[in-house]
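Chemist: Sequence first, predicted model second:
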Amino acid sequence: MCFLTKNNGGSSPGHILYPLKWPVSTYAMREYLRGNDAYRQYFFKQHELTTCLLNLIELYYILLKDEDEQEADKSFLACKQYEVEITDDDVRKAMKFRLACKAKKENISYGEAIGYTIAKRLDSNFLTGDDAFKGKPQVEFQK
């Protein structure tokens, strides 16, 4: 579960994001924080959300680059408590998946490969809008 808050620049405290029922990609977290309405329905439902350390690392980097250190720290800490463990088996399967994707000219980050593999291990869906995942099984694809 990851509860992010989003403050649209006003004096309000922001919206509480409720957890999703599947692992969330870095792409999905970032799109919500950018204000992409297609992701609102997922973040405002009461379901279980999970993320992994690599997705948190990617999110932190993106926010540090695009926003500032304060926003990056806030989002990282808000999500950190909902991190799921990356198992040795996750690493092996994710890197085989990533290599197979590279052979098809699909560019998938380490974090997204691990997140997708965790979704499969949890028999869940992986929420993303990354084009490389379009049409793959166990993916909730949203732009």
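Modeler: On my side now, so go ahead. Residues are numbered from 1 along each chain as shown.
Chemist: Give the other helices and strands that the helix ranked longest in the chain contacts.
Modeler: For the chain, the helix with the greatest residue count under DSSP state H is helix 88-103. Secondary-structure packing of helix 88-103 (3 or more C-beta pairs under 8 Å, 6 or more residues apart in numbering; DSSP states H and E): helix 110-121. Any C-beta I mention is one placed from the backbone N, CA and C, and that applies to glycine too.
Chemist: Show me the residue sitting in the middle of the protein in space.
Modeler: residue 25 (2.3 Å; C-alpha atoms, centre = their mean).
Chemist: distance of that one from residue 39?
Modeler: 11 Å (C-beta to C-beta, to the nearest Å).
Chemist: Could you give the bridge partners of the nearest residue to the residue nearest to the centre of the chain once chain neighbours are set aside?
Modeler: With sequence-adjacent residues excluded and distances taken as C-beta to C-beta, 6 or more residues apart in numbering, residue 25 is closest to residue 128, at 3.7 Å. Beta-bridge partners recorded for residue 128 (DSSP bridges): residue 141.
Chemist: quick one: residue 128 and residue 109 touch, right?
Modeler: No: the criterion here is C-beta atoms under 8 Å, and residue 128 misses it with residue 109 at 10.8 Å.
Chemist: Looking at these two, which is more packed in?
Modeler: residue 128 (28 against 18; other C-beta atoms under 10 Å).
Chemist: wait, what's in contact with that one?
Modeler: 24-25, 27-28, 112, 115-116, 139-142 (C-beta atoms under 8 Å, 6 or more residues apart in numbering).
Chemist: sorry, back to before: show me the contacts for the residue nearest to the centre of the chain.
Modeler: 55, 111-112, 115-116, 126-130, 133.
Chemist: gap between it and residue 69?
Modeler: For residue 25, the distance to residue 69 - C-beta to C-beta - is 23 Å.
Chemist: Most neighbours of all the contacts of residue 25, which one?
Modeler: residue 115 (33 neighbours).
Chemist: how close does it get to residue 84?
Modeler: Distance from residue 115 to residue 84, by C-beta to C-beta: 9 Å.
Chemist: do the same with residue 30
Modeler: Taking C-beta to C-beta, one finds residue 30 at 19 Å from residue 84.
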